[in-house]
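>>> coords please:
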Amino acid sequence: MSRKNILYAQSGGVTPVINASAAGVIEAARARPDQIGQVLAGHNGILGVLREELIDTAQLTSADLHALAQTPGGLFGSCRYKLKGLDENRREYERLIEVFRAHDIGVFLYNGGNDSADTALKVSQMAKLMGVPVQCIAVPKTIDNDLEGTDNSPGFGSVAKYVAVSILEASLDVQSMASTSTKVFILEVMGRHAGWIAAAGGLVKRRDGDPPHLILFPEVAFDEQRFLAAVRQAVETYGYCSIVVSEGVRNADGKFLSDSGSTDAFGHAQLGGVAPVIAGLVKDRLGYKHHWAVSDYLQRSARHLASQTDLEHALAVGRTAVELALDGHSGILAGIERESDQPYRWRVRPVPLDQVANHEKKMPDDFITEDGFGITEACRRYLVPLIRGEAYPDYGTDGLPDYLRCGLELVPPQLAEFDVEQGDALPR
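Predicted coordinates for the structure are as follows:
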């Protein structure tokens, strides 16, 4: 049986554990030398594949793989680049197939979220249309946890843990000083259309009076008067008010409170920061001394506070993606299926990409309290297993994590250069 070469690429915003999925792919491939040849990685995601900028992961030693699994960011580089439809720009897909052929690629693994699942599906369809034996499998990743076809997305559990710990610690600080200083604290977290990350902050609240006192979800239309009344009640009752707000909070008309008026590479509205908007309301309408913070990149790079469950998920989807490819699967997502909450049991299974691509998993109604400002016990049962366990990285003698930071060489190109903007080949 001829050996397959694998091409792996990372896509979209990175996570604390996306490199663990990469390590899982490489380790699983190295365990099958009779079936798998090279494992190449696209430099800067799908753009690196289009440009034929590929990295041979054979450069990584076993020690490097150990370090890779505990390093945040994306070692091979990621990108935000959405392939057009097959009818809009067939040349992009033909170029991908040319790269596959030039490097004898039999398996394409794309590690990302919703848009990446759509890319993997389109590439799979194009390969079939052109009669090229390339198996395309999506490896799940997104801190937003909005990917369909999987119980949760690797990356989310660690971000959820970071947000829960952060709002707990900040709230204890604010509570200590509330009599003479800040009375309202606002933490902004990511989540454009789905409030999963914001919901994680609610895990801290175990009894009345515990923070966060309010959570603002994208799934619940923002009502200014109800919000201000709830803030006033919390301050008058508990002495302070701690708030978690998702970046994607909208008003009753569906407009983002923080819409900056521009769009990103995927055509999504660029959000300019909702925490200062909320803080402005608190100051102007209530007059309370306040403070706000945006977790931003800190939440998605905090490998020092990763969830052990999340790390295990990330490694497993990478390893299983390789196994699914060897079993003949294509056009699928290596999705996580929850079998039990208590004890927490799960497995990785194939999910057809047409059930995943361009779908978005939002918070179920029964996960949000009736007042729209908190999480229910059903939501808590879902979230708790995902943040369990600590997966601390190795620390060096200087007191800093031993993250993998190395320059990797590209393999020699076999094709003409490709102009991504023009969609055409160039002479080298």
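>>> Can you give the domain ranges for this structure?
Per automatic domain parsing, the structural domains of the chain span 4-154+304-359+389-426, 156-303.
>>> Quick one, which of those domains gets closest to residue 369.
Residue 369 sits nearest to domain 156-303 of all the domains of the chain, at 8.9 Å, using Cβ to Cβ. In this view, the C-beta of every residue, glycine as well, is placed from N, C-alpha and C.
>>> other SSEs contacting the helix ranked longest in the chain?
Secondary structure assigned by DSSP state H gives helix 156-177 as the longest helix of the chain. Helix 156-177 makes packing contacts with strand 184-189, helix 196-201, strand 241-246, helix 296-301, helix 308-326, helix 377-387 when contacts are defined by 3 or more Cβ pairs under 8 Å, 6 or more residues apart in numbering; DSSP states H and E.
>>> Skip ahead from the longest one and say which helix or strand is next.
Translated: helix 308-326. strand 332-340 (DSSP states H and E).
>>> related to what we said a few turns ago, can you give me the buried ones in the longest helix of the chain?
156-168, 170-171, 174-175 (16 or more other Cβ atoms under 10 Å).
>>> What of stretch 403-423?
403, 404, 413, 418.
>>> Provide a list of residues in contact with the residue lying closest to the second one once chain neighbours are set aside.
If you skip the residues right next to it in sequence, residue 404 has residue 67 as its closest partner in space, 3.9 Å away by Cβ to Cβ, 6 or more residues apart in numbering. Applying Cβ atoms under 8 Å, 6 or more residues apart in numbering, one finds that residue 67 lies in contact with 394, 402, 403, 404.
>>> re the thing from before, so which of the helices and strands packed on helix 156-177 gets nearest residue 107?
For residue 107, the closest of the helices and strands packed on helix 156-177 is helix 308-326, at 4.3 Å, according to Cβ to Cβ.
>>> Residue 147 touches residue 113, doesn't it?
Yes - the pair residue 147 / residue 113 is scored as a contact, 5.3 Å apart, by Cβ atoms under 8 Å.
>>> Quickly list what's touching both of these two.
With contacts defined as Cβ under 8 Å, 6+ apart, the residues adjacent to both residue 147 and residue 113 are 140, 153.
>>> separation between residue 64 and residue 155?
21 Å (Cβ to Cβ, to the nearest Å).
>>> more neighbours, those two?
Ranked by neighbour count (other Cβ atoms under 10 Å), residue 64 and residue 155 place residue 155 first, with 30 against 18.
>>> which residues touch the closest residue to that one other than its chain neighbours?
What sits nearest to residue 155 in space, not counting adjacent residues and going by Cβ to Cβ, 6+ apart, is residue 15, at 2.9 Å. Taking Cβ under 8 Å, 6+ apart, we find residue 15 in contact with 72, 141, 142, 143, 154, 155, 156, 158, 159, 300, 314.
>>> Repeat the analysis, applying 10 Å as the threshold.
21, 72-74, 78, 111, 113, 141-143, 153-159, 299-303, 306, 310, 314 (Cβ atoms under 10 Å, 6 or more residues apart in numbering).
>>> Show me which of those residues are buried.
Neighbour counting with 16+ other Cβ under 10 Å marks 21, 72-74, 78, 111, 113, 141-143, 153-159, 299-303, 306, 310, 314 as buried within those.
>>> what stretches of the stretch 201-350 of the chain score poorly on pLDDT?
260-272 (pLDDT under 70).
>>> Try it again at 90.
258-272 (pLDDT under 90).
>>> Between helix 308-326 and the longest helix of the chain, find me the angle.
170 degrees (axes from the mean of the first three to the mean of the last three Cα atoms, to 10 degrees).
>>> now helix 156-177 and helix 377-387, what's the angle there?
Using the same axes, to 10 degrees: helix 156-177 against helix 377-387 is 110 degrees.
>>> Helices of the stretch 51-200 of the chain, start to end?
Assigned by DSSP state H, counting those that start in this stretch, the helices in the stretch 51-200 of the chain fall at 62-68, 90-102, 114-129, 156-177, 196-201.
>>> out of these, which comes closest to residue 339?
Closest among the helices of the stretch 51-200 of the chain, using Cβ to Cβ: helix 156-177, at 16.7 Å.
>>> Once you drop chain neighbours, what's closest to the residue sitting nearest the centre point of the chain?
Most central in the chain under Cα atoms, centre = their mean is residue 142, positioned 1.9 Å from the mean C-alpha point. Of all residues not flanking residue 142 in the chain, residue 113 sits nearest, at 3.5 Å (Cβ to Cβ, 6+ apart).
>>> what residues are up against the one you found?
Residue 113 sits next to 11-13, 15, 138, 140-147, 153, 155, 356, 360 when contact means Cβ under 10 Å, 6+ apart.
>>> Residue 200 and residue 95, how far apart?
Counting by Cβ to Cβ, the gap from residue 200 to residue 95 is 40 Å.
>>> ok so, going back, compile the buried residues of stretch 403-423 into a markdown table and extend it with columns for pLDDT and secondary structure.
Output for the buried residues of stretch 403-423, formatted as a markdown table (pLDDT from 0 to 100; DSSP: H, G, I helix; E, B strand; the rest coil):
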| residue | pLDDT | secondary structure |
| --- | --- | --- |
| 403 | 98 | coil |
| 404 | 97 | coil |
| 413 | 96 | coil |
| 418 | 92 | strand |
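>>> Can I get those residues in CSV including distance to residue 58?
Putting the buried residues of stretch 403-423 into CSV (distance: Cβ to Cβ, whole Å) gives the following:
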residue, distance to residue 58
403, 21
404, 16
413, 18
418, 25
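>>> That concludes my questions; thank you for your assistance.
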